[in-house]
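> Would you be able to build a 3D model of this:
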Amino acid sequence: MNKIVIIIYFLSFTLIVNAQSADFTYQASDSLFCNPSSIQFTQLATGSPIGFVWTFGNGTGSNSKNPLVNYNKAGSYLVKLIVIYGRSTAVVTKTIVINPAIIVSIGYDRNYICTPGDINFTATSSGNIAGYDWDFGDGSGIQTTNGNTISHNYTAPGVYNSSLKATDVSGCYGTNQTTVTFQTPPLTGVLSPVSGCVPANVSFTANATIPANSALTNYAWDFGDGNKSTKINGSNT
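Residues are numbered from 1 along each chain as shown. Next up is the predicted model:
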C-alpha cells in the first residue's frame, strides 16, 4: 500500500512540474521589423507564474507581463524571459532581427521643361531593393519597376510632386519626393521709342526665362502692321 502511495505522489509532482513552461510571442507595431521598431512581447507561460524577468538584448529589461520595447538600431537581439513560479523558474530565449531602415533619393536629368517631353529619373537607395513604386504626380498612376531608372512623359503644364517608394526584400521601405515643373517660359519685351511720328523706327528687345541647360532656338515677331521677324531683337519702321 505504501508503494502505491509513493508512486502516485511522484506522478502528481511530475505533472505539476511539466505544466510550468515559458514561451512568448512578439510582433512589430507596423508588422514590419524595420529600424526603428516598437515590439510588443506577449508571454505564454503555462501554470500560475508569479513574476517575469525580461532582457531584450539591447541593454534594457522589464518585469512587466507583456512589455512594449523600442529598438532604435538594426541588428540581431537575443531576448530572454525567465518565468518565476512559487518553487521554480522556467526560461526561454529567442532571437529577433531588426532590419535596417531604407534611405532613398531621387535623381533626374532635368526637373524643368517648357514643352511636352520626357524626364529621366534615377533612384539611389540603401538595402537590397525588391521594387520601386513611382508616382509622377500628374494622375498617371503608380508605376512599379524592378530597376532603379524610369522615364516619364509630361504632357500638360503644371508643377508636379513626384514621389518614390523603395521596398527591400524584408518589406522595409523608404520614401522621397521631388518637384517637377512644366511651364511656358516667362517672356517680356521692351520697345524704344514708345511713341513718335510716322515714319517711326522702333527697336524691340525680348527677354525669356528658360530652364537650365536649355537654349532659345528662335523668336517670332509680329509687329501688327503686316511685318514679321525671327531675329532675337527686332526692329520695325
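> C-alpha only now, for contacts and for neighbours.
Fine.
> Residue 222 pairs with what?
Note on residue 222: beta-bridge partners residue 228, judged by DSSP bridges.
> what's the neighbour count on it?
The criterion is other Cα atoms under 10 Å. On that basis, residue 222 has 13 neighbouring residues.
> what does the model give it for pLDDT?
With respect to pLDDT, residue 222 has a value of 75.
> how far away is it from residue 201?
From residue 222 over to residue 201 the distance is 15 Å, taken as Cα to Cα, to the nearest Å.
> Ok, residue 106 next?
Noted for residue 106: a distance of 52 Å to residue 201, by Cα to Cα.
> Which one of the two is surrounded by more residues?
For residue 106 against residue 201, the residue with the higher neighbour count under other Cα under 10 Å is residue 106, and the figures read 18 against 13.
> name the element the more buried one belongs to?
Here residue 106 sits within strand 104-108, counting by DSSP states H and E.
> Surely residue 112 touches residue 178?
No. Applying Cα atoms under 8 Å as the test, residue 112 and residue 178 come out as separate, 11.6 Å apart.
> Rounded mean pLDDT for the strand holding residue 106, please.
For strand 104-108, mean pLDDT is 98.
> contact partners of it?
When contacts are defined by Cα atoms under 8 Å, 6 or more residues apart in numbering, strand 104-108 is touched by residues 119-126, 164-166, 174-178.
> Pull the most distant pair out of those residues.
Taking every pair in the contacts of strand 104-108 and measuring Cα to Cα, the maximum separation is 23.3 Å, between 119 and 126.
> Find the least confident helix or strand in the protein, judged by mean pLDDT.
Of all the helices and strands that make up the chain, helix 2-18 has the lowest average by mean pLDDT, DSSP states H and E, namely a mean of 41.
> Please pull up the helix or strand immediately following that one.
Moving toward the C-terminus from helix 2-18, the next helix or strand (DSSP H and E) is strand 24-28.
> In terms of secondary structure, what does the helix or strand just after that next one contact?
Using DSSP H and E, the helix or strand that directly follows strand 24-28 along the chain is strand 37-43. Secondary-structure packing of strand 37-43 (3 or more Cα pairs under 8 Å, 6 or more residues apart in numbering; DSSP states H and E): strand 24-28, strand 68-71.
> how does it look with 10 Å?
For strand 37-43, the contact count by 3 or more Cα pairs under 10 Å, 6 or more residues apart in numbering; DSSP states H and E identifies strand 24-28, strand 68-71, strand 75-84, strand 89-98 as packing neighbours.
> Could you single out the most deeply buried of those?
Mean neighbour counts were compared across these using mean count of other Cα atoms under 10 Å; the top stretch is strand 75-84, at a mean of 18.
> Report the strands that pair with that strand, each with its relative direction.
Strand 75-84 pairs in its sheet with strand 51-55 (antiparallel), strand 89-98 (antiparallel), by DSSP bridges.
> quick check: angle from it to strand 37-43?
For strand 75-84 against strand 37-43, the angle between stretch directions is 30 degrees (axes from the mean of the first three to the mean of the last three Cα atoms, to 10 degrees).
> starting at the chain centroid, how far to strand 75-84?
Here strand 75-84 shows a centroid-to-chain-centroid distance of 31 Å under the convention Cα atoms, centre = their mean, to the nearest Å.
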